[in-house]
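In: what's the 3D shape of this:
(one chain, ligands or ions: 2)
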Amino acid sequence: RWVELGSFLHQIIERFEMVVKDKDIVFHRHIVKQPTFAKIDEDKLTQVLDNIISNAIKYSPEGGNVSITLLHQGNKARISISDEGMGIPTESQDKIFERFYRVDKARARNVGGTGLGLAIAREYVVAHEGEIWVNSEYNEGTTIYITLPYSTFKGGKV
Ligand code: ATP
Ligand code: MG
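Out: Ligands and ions are numbered 1, 2, ... in the order given. Take a look at the predicted model:
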């Protein structure tokens, strides 16, 4: 189905703003003004973003900022989710998209999870002919990037 990614992201962020009350997280949106239409499976892409935004919240301190950006980069739409959390050590950054991988035992014990979220995210993004990668600085924060083919109008060539 053709979906406008800007309003799709606004909806997802609004839902998080309503439910995330146990932690004092501030969401920031930077959504490109031009329309961004992508042919996506909404349920799957929702699952992808839910996991990435949940990770940003889970691995962030109280009062942390989470920024969600949508921009056009050449012929791809690029979504990024940035947090100011604990970050991921360089040697683990390649592994976080593997099934059941979690960065360290202490972290795994403190916050629940199975280590499947990002493996599923990668599978779904690749199925959408997109790419997903991470940029993280240990103890500074993490950004997850996703690119997807897009068109500025519904039904356009992507
Ligand atoms: P699940 O998503 O299945 O509930 P999970 O969150 O542990 O469990 P993933 O979402 O696949 O699993 O993430 C894998 C690991 O990558 C996490 O356990 C965590 O160590 C690390 N990680 C993911 N996102 C972040 C982030 N934003 N900041 C710091 N570490 C992260
Ligand atoms: Mg997760």
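In: so what's the spatially closest residue to residue 130 that is not a sequence neighbour up against?
Out: Among residues not flanking residue 130 along the chain, residue 148 sits closest, at 4.2 Å (Cβ to Cβ, 6 or more residues apart in numbering). C-betas here are computed from N, CA, C, even on glycine. Counting by Cβ atoms under 8 Å, 6 or more residues apart in numbering, residue 148 touches 5, 38, 40, 76-77, 79, 125, 128-130.
In: Output those residues in CSV; the columns should cover distance to ligand 1 and secondary structure.
Out: Shown next, in CSV, are those (distance: Cβ to the nearest ligand atom, whole Å; DSSP: H, G, I helix; E, B strand; the rest coil):
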residue, distance to ligand 1, secondary structure
5, 21, helix
38, 23, strand
40, 20, coil
76, 22, strand
77, 21, strand
79, 14, strand
125, 13, helix
128, 18, coil
129, 21, coil
130, 17, coil
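In: which of those residues count as buried?
Out: 5, 38, 40, 76-77, 79, 125, 128, 130 (16 or more other Cβ atoms under 10 Å).
In: among these, which are in reach of ligand 2?
Out: The overlap between those and the neighbours of ligand 2 (Cβ under 5 Å from the ion) is empty.
In: how close does the residue nearest the centre of the chain sit to residue 79?
Out: Centroid check for the chain by Cα atoms, centre = their mean gives residue 52 as the closest residue, at 3.9 Å. From residue 52 across to residue 79, the span is 9 Å (Cβ to Cβ, to the nearest Å).
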